[in-house]
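J.: The following comprises the amino acid sequence and a computationally predicted model.
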Amino acid sequence: MPTDLLLFIGLLLSLSILLSPLSSRIGMPVLLLFLAIGMLAGEDGPGGLPFNDFGTGFLVGNLALAIILLDGGLRTRHESFRVGLKPALGLATVGVAITAGLTGLAALWLFELPLAVALLMGAIVSSTDAAAVFSLLQGHGLHLNDRVSATLEIESGSNDPMAIFLTLVLLSFIQSSGQAPLLESLWLLVQQFGLGVAGGLLGGRLLAALINRVQLVPAFYPLLVASGGLVVFAGINSLGGSGFLAIYLCGVVLGNRRIRMLPAVLQMHDGLAWLAQMALFLILGLLVTPSELVDLLIPGLAIAAVLIILARPIAVLTTLWPFGFHAREQVFISWVGLRGAVPIVLALFPVMAGIEHAHLLFNVAFCVVLVSLLVQGTTLAPLAHRLRLEVPSGQEPR
């Protein structure tokens with residue numbers, strides 16, 4: 001019954017909101033709490049709700065990530081790009097490729113998969129997650145030095161195109177039995193980044209001009225920003241570009257221009273971003289079957305360990321050494337390689353394509369996300385204190 005479904009959804013959201021203060025008391029990331037509630041509501045938990053609609057999960061995942069990236073872009077200052085753009089781009093491209101390659105080789109040995117499938121597993125978990133990074137940095141109230149915070153913010157908002165590119169190329173390679181053309185793959189990379197950057201900057205400027213030109217009820221301006229951002233996201237996706245990169249840059253343009261009702265826009269989008277994160281992690285928790293993770297526990301933990309302790313630090317060291325980062329800054333950036341919703345959403349690609357080992361890839365990605373949020377997410381603030389990377393917070397603008 002639709003009424004029962006609405007009651008169930010309302011109860012889940014209300015429970016997530018009411019329990020959110022618990023996360024700060026016990027030092028657990030609030031995103032992990034949402035994920036746990038979704039798992040408890042699923043078929044293996046007390047809720048007992050059987051949910052395996054991966055198509056709906058994919059749709060909700062894309063929509064939620066778009067809203068989260070738009071909010072993150074709105075809060076990214078233009079000065080951050082001057083400080084952290086070059087190192088962040090290195091991490092978002094070369095760093096993602098190194099992480100995917102090393103993790104894929106570990107998967108090849110641990111799971112005895114075909115090479116292409118193992119590399120696909122590495123590609124799926126290769127990018128950091130904007131939802132996790134933004135919420136944990138803001139939720140812990142950390143005030144990091146400009147270079148570190150700018151690098152982390154820009155990297156998490158711009159590394160999805162490389163991960164998506166690697167995932168799609170390897171998926172195409174597997175489906176075509178190794179016949180995927182090299183030139184088409186390279187063109188896909190150019191499309192993802194080129195259209196994402198151009199569409200995001202152009203869309204942001206057009207949307208800013210539209211907002212300042214039309215006379216609306218004040219409450220409509222935040223809605224116009226959200227709907228306009230989704231138009232940019234979906235439009236660039238339909239053209240073959242990275243909608244995630246486009247909507248993030250669209251948010252950056254809007255947040256750094258004088259537009260009407262910007263304080264109201266920021267306030268409403270803060271709530272929208274939290275709603276998107278709750279919905280995203282709840283539905284991802286519903287999609288997974290915890291009993292299927294038991295057999296994968298040891299190899300899944302091993303993949304997570306390789307990713308956190310080996311692949312991510314090597315990627316950071318390789319890409320950041322030309323920019324003069326201190327050792328303690330590199331250690332912290334390595335540790336903030338948080339995995340969240342993006343790997344799980346990327347793991348839905350092979351499931352929907354119906355390739356062999358697809359559910360294994362999904363379950364391993366879920367295991368990696370759980371370990372990352374639990375281990376890295378809970379130690380983020382103490383590590384920043386220990387490495388002395390915090391700076392005094394400035395005066396908040398009125």
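T.: Here it is on my side, so go on.
J.: next SSE after the helix or strand of the chain with the lowest mean pLDDT?
T.: The helix or strand with the lowest mean pLDDT-type score in the chain, counting by mean pLDDT, DSSP states H and E, is helix 130-139 (a mean of 67). With elements assigned by DSSP states H and E, the helix or strand that comes after helix 130-139 is helix 146-158.
J.: which residues make contact with that following helix from outside it?
T.: With C-beta atoms under 8 Å, 6 or more residues apart in numbering as the contact definition, helix 146-158 has outside contacts at 69, 72-73, 76, 79-81, 83-85, 87-89, 91-92, 95, 128-130, 132-134, 137, 144, 245, 248, 320, 325, 329, 332-333, 336, 338, 389. Quick note: C-beta positions are derived from backbone N, CA and C, even for glycine.
J.: Over to stretch 254-265?
T.: Contacts to stretch 254-265, defined as C-beta under 8 Å, 6+ apart, come from residues 73-78, 204, 207-208, 211-212, 218-219, 221-222, 225, 266.
J.: Can you flag the buried ones in those residues?
T.: Among these, those classed as buried by neighbour count (16 or more other C-beta atoms under 10 Å) are 73, 74, 75, 76, 204, 207, 208, 211, 221, 222, 225, 266.
J.: ok, the fourth one - contacts?
T.: Residue 76 sits next to 153, 154, 157, 251, 252, 255 when contact means C-beta under 8 Å, 6+ apart.
J.: For ChimeraX, write the selection for the buried entries among the residues you listed.
T.: Buried residues within these, by 16+ other C-beta under 10 Å, are selected in ChimeraX with:
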select :153,154,157,251,252,255
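J.: of the contacts of residue 76, closest to residue 113?
T.: Taking C-beta to C-beta as the measure, residue 113 lies nearest residue 157 of the contacts of residue 76, at 30.9 Å.
J.: how about the nearest residue to the closest one, chain neighbours excluded?
T.: The shortest distance from residue 157 to any residue that is not its chain neighbour, by C-beta to C-beta, 6 or more residues apart in numbering, is 4.1 Å, and that residue is residue 248.
J.: circling back: tell me which two in the buried ones among the contacts of stretch 254-265 are the farthest apart.
T.: Set against one another by C-beta to C-beta, the buried ones among the contacts of stretch 254-265 have their most distant pair in 76 and 221, with a gap of 19.6 Å.
J.: Could you list the low-pLDDT ranges of the stretch 1-150 of the chain?
T.: Segments of the stretch 1-150 of the chain classed as low confidence (criterion: pLDDT under 70) are 1-5, 22-29, 131, 134-143.
J.: mind listing the strands for it?
T.: Using DSSP state E, counting those that start in this stretch, the stretch 1-150 of the chain contains no strands.
J.: how about the helices of the stretch 51-200 of the chain, start to end?
T.: If you assign secondary structure with DSSP state H, counting those that start in this stretch, the helices in the stretch 51-200 of the chain sit at 54-74, 78-90, 96-111, 115-124, 130-139, 146-158, 160-175, 182-213.
J.: Any chance of those helices in a markdown table with distance to residue 351 as columns?
T.: Listed next are these as a markdown table, based on distance: least, C-beta to C-beta, whole Å:
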| stretch | distance to residue 351 |
| --- | --- |
| helix 54-74 | 5 |
| helix 78-90 | 30 |
| helix 96-111 | 17 |
| helix 115-124 | 11 |
| helix 130-139 | 20 |
| helix 146-158 | 24 |
| helix 160-175 | 11 |
| helix 182-213 | 21 |
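J.: what's the closest of these to residue 344?
T.: Taking C-beta to C-beta as the criterion, residue 344 comes closest to helix 54-74 out of the helices of the stretch 51-200 of the chain, the separation being 7.3 Å.
J.: What is that closest one packed up against?
T.: Judged by 3 or more C-beta pairs under 8 Å, 6 or more residues apart in numbering; DSSP states H and E, helix 54-74 is in contact with helix 130-139, helix 146-158, helix 220-238, helix 243-255, helix 262-287, helix 341-353.
J.: Next, the contact list for residue 234, please.
T.: When contacts are counted by C-beta under 8 Å, 6+ apart, residue 234 is found next to residue 243.
J.: That one and residue 199, how far apart?
T.: Separation of residue 234 from residue 199 (C-beta to C-beta, to the nearest Å): 11 Å.
J.: Which pair of the contacts of residue 76 spans the longest distance?
T.: With C-beta to C-beta as the measure, no two of those lie farther apart than 154 and 255, at 13.4 Å.
J.: Let me know how buried residue 109 is, in neighbour terms.
T.: For residue 109, the tally of surrounding residues (other C-beta atoms under 10 Å) stands at 12.
J.: That one and residue 118: what is the separation?
T.: For residue 109, the distance to residue 118 equals 8 Å [C-beta to C-beta].
J.: Then residue 351?
T.: When C-beta to C-beta is the yardstick, residue 351 and residue 118 sit 17 Å from each other.
J.: quick one: which of the two has more around it?
T.: Relative neighbour count places residue 118 above the other of residue 351 and residue 118, with 23 against 18, counting by other C-beta under 10 Å.
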